[in-house]
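S.K.: Let me see the structure of the following:
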Amino acid sequence: MIRYDLPTTDDLVRLGEPHAHAVTIYVPTSPTPAGRAQSATALKSAVDDAIRQLRAAGADADVQEAVRLHGEVLSADTHLWGNLSGSLAVFVSPELAEDWVLPNDLEPQTQVGDWFDIGQLVRAVTTPQEAFALTLSGNGWNLWRASATARAAELDLGEAYAEDAADATNRMTIRGRGHERRLVGDEGRKVLLERYARTVADAVRTELGRLDPNAARPLFVFATEPLLSMIQAENLAWPVVAVPGAPDELRPDQVDEAIRARIGEITSKRLSGRAEQIGNGFASGLAATDLAQIAKAACAGAVGTLIYDFTVDVLGTLDESTGELRYAEDGYDLLSRIAVLVLRFGGEAIAVRPDEVWADIWDGRALAQLRHPLV
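M.R.: Residues are numbered from 1 along each chain as shown. Model (predicted):
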């Protein structure tokens, strides 16, 4: 089953349970023709690698064959290869087969064991890369939305607004319509553009207020001066990211590319602020960085938030009844296992790259906010 939505917490918990002969594959993908060919080759190599690992682990021939057949089904799925995004995640075991097309740029990985490694899947859920954009010039403006599962596209507005600077300022000395409309002369131009920026800002508040009332997502503004500074001066509730440059001829893919290239910095600031906040509870026993302590707290349902590095495997086993953690090269990924436990008890798990968090409390591996001190 190929999924194009994001996993729910229930999905993560279900995939995080033990599964005999569990094969986990992550393949970076690209929707371009060259990227599709490279992605298909990478998937085939990963499937071949997984079969070799199953054979070395003593898996039956029918288990190996099931993985091979699943790889062939994916390779032949023209709809899949025509609708790629940032990564493909494949989970196969004797009792299930699930595939997820994800927007995040995940790390290539092939793993075989008694557990799926969902660490990178958690990443796709906790950093969904959602944002809005405003393309603004004197000739017109548009609002855009880039979601976790779709590239940037123009928003259908709920109301009618002024189309451009001329409409917004009731100017009559204008030639033509659409992209040919221009304000004529310099007299009062600054005042007129400020009025236009104010009109657009009000429209943004109305439209985005319906979609994101808590102003949690960033707003990328594509504009040139002086309109760029004018819209910034309107103090919109959404975090504004300025993208200087002429917006009139931007294609949707260019808008999306600019958003994806810059959203990482915003994510880092948000995550670092969150980590600093958690670190404030360290002295009172409400924060932990020691993995053994975090594991014990997770088993007891005492972790409210877990921030962890999804790019590194910390192998071992965890006794969920006692919270005892043991490091072992033949074990499973402990960080993703602990993340599942946190989610199961209603907590929040945030998968990060190590350089995305620069808070003093961050040790580059894991940080947990505890619901109560451990005894």
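
S.K.: Figure out how far stretch 50-61 is from the centre of its chain.
M.R.: Centroid separation for stretch 50-61 versus its chain: 33 Å, with Cα atoms, centre = their mean, to the nearest Å.

S.K.: should've said stretch 102-117
M.R.: On Cα atoms, centre = their mean, the centre of stretch 102-117 falls 15 Å from the chain's centre.

S.K.: Report the buried residues of that stretch.
M.R.: Residues Leu102, Pro103, Asn104, Leu106, Gln109, Thr110, Gln111, Val112, Gly113, Trp115, Phe116, Asp117 are the ones in stretch 102-117 that count as buried (16 or more other Cβ atoms under 10 Å). (Each C-beta comes from the backbone N, C-alpha and C, glycine too.)

S.K.: Okay, and which of those residues map to helices?
M.R.: Among those, no member is found in helices (DSSP state H).

S.K.: Dump these to JSON lines, plus pLDDT and distance to Pro28.
M.R.: Output for these, formatted as JSON lines (pLDDT from 0 to 100; distance: Cβ to Cβ, whole Å):
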{"residue": "Leu102", "pLDDT": "88", "distance to Pro28": "10"}
{"residue": "Pro103", "pLDDT": "78", "distance to Pro28": "12"}
{"residue": "Asn104", "pLDDT": "78", "distance to Pro28": "10"}
{"residue": "Leu106", "pLDDT": "86", "distance to Pro28": "6"}
{"residue": "Gln109", "pLDDT": "93", "distance to Pro28": "10"}
{"residue": "Thr110", "pLDDT": "95", "distance to Pro28": "13"}
{"residue": "Gln111", "pLDDT": "92", "distance to Pro28": "16"}
{"residue": "Val112", "pLDDT": "93", "distance to Pro28": "20"}
{"residue": "Gly113", "pLDDT": "89", "distance to Pro28": "22"}
{"residue": "Trp115", "pLDDT": "88", "distance to Pro28": "22"}
{"residue": "Phe116", "pLDDT": "91", "distance to Pro28": "18"}
{"residue": "Asp117", "pLDDT": "87", "distance to Pro28": "16"}
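
S.K.: Out of these, which is nearest to Val13?
M.R.: Nearest to Val13 out of the buried residues of stretch 102-117 is Phe116 (Cβ to Cβ; 11.5 Å).

S.K.: In this structure that closest one contacts Gly16, no?
M.R.: Yes. With contact defined as Cβ atoms under 8 Å, Phe116 and Gly16 form a contacting pair (7.0 Å).

S.K.: So this structure: which segments form each domain?
M.R.: Domains of the chain are assigned by automatic domain parsing as 2-126, 131-265, 280-370.

S.K.: ok, of those, where does mean pLDDT dip lowest?
M.R.: Per-stretch mean pLDDT for the domains of the chain is lowest at domain 131-265 (a mean of 83).

S.K.: and Glu329, how many residues sit next to it?
M.R.: Glu329: 6 surrounding residues under other Cβ atoms under 10 Å.

S.K.: swap in Ala89?
M.R.: By other Cβ under 10 Å, 25 other residues sit near Ala89.

S.K.: That one bridge partners, please.
M.R.: Assessed by DSSP bridges, Ala89 has beta-bridge partners Tyr26, Trp100.

S.K.: Tell me which residues touch it, please.
M.R.: Contact analysis of Ala89 by Cβ atoms under 8 Å, 6 or more residues apart in numbering lists Thr24, Ile25, Tyr26, Asp99, Trp100, Leu102, Leu106, Gln120, Leu121, Ala124.

S.K.: can you give me the helices in this protein?
M.R.: With helices called from DSSP H, the chain shows them at 9-15, 33-56, 61-75, 78-81, 119-126, 165-169, 189-211, 227-232, 252-279, 291-299, 334-344.

S.K.: What about Ala298, how many residues nearby?
M.R.: Residues near Ala298, counting by other Cβ under 10 Å, number 28.

S.K.: who's in contact with stretch 251-270?
M.R.: Applying Cβ under 8 Å, 6+ apart, the contact partners of stretch 251-270 are 127, 129, 131, 133, 135, 144, 146, 151-154, 218, 220, 222, 239, 241, 243, 355-358.

S.K.: A ChimeraX selection for those residues, restricted to the buried ones, would help me check which they are.
M.R.: With 16+ other Cβ under 10 Å as the criterion, this ChimeraX line picks the buried residues out of those:
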select :127,129,131,133,135,144,146,151,152,218,220,222,241,243,356,357
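
S.K.: who wins for most neighbours among the contacts of Ala89?
M.R.: Leu121 leads the contacts of Ala89 on contacts (other Cβ under 10 Å) with 29 neighbours.

S.K.: ok, now how distant is that one from Val47?
M.R.: Distance of Leu121 to Val47, computed by Cβ to Cβ, to the nearest Å: 18 Å.

S.K.: Please name the residues that touch Ala201.
M.R.: Ala201 sits next to Ile231, Glu234, Leu236 when contact means Cβ under 8 Å, 6+ apart.

S.K.: Can you list the neighbours in contact with stretch 48-67?
M.R.: Residues contacting stretch 48-67 (Cβ under 8 Å, 6+ apart): His21, Val23, Ile25, Val47, Arg68, Val92, Pro94, Thr110, Val112.

S.K.: Can you lay out those as TSV showing distance to Lys296?
M.R.: Listed next are those as TSV, based on distance: Cβ to Cβ, whole Å:
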residue	distance to Lys296
His21	30
Val23	30
Ile25	32
Val47	38
Arg68	41
Val92	32
Pro94	32
Thr110	31
Val112	28
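
S.K.: picking that back up, I'd like to know which of the domains of the chain lies nearest to Gly273.
M.R.: For Gly273, the closest of the domains of the chain is domain 280-370, at 7.9 Å, according to Cβ to Cβ.

S.K.: Quick check: end-to-end length of that closest one?
M.R.: Start and end residues of domain 280-370 are separated by 12 Å (Cα to Cα, to the nearest Å).

S.K.: Please apply the same query to stretch 289-304.
M.R.: Distance across stretch 289-304, first residue to last, is 14 Å (Cα to Cα).
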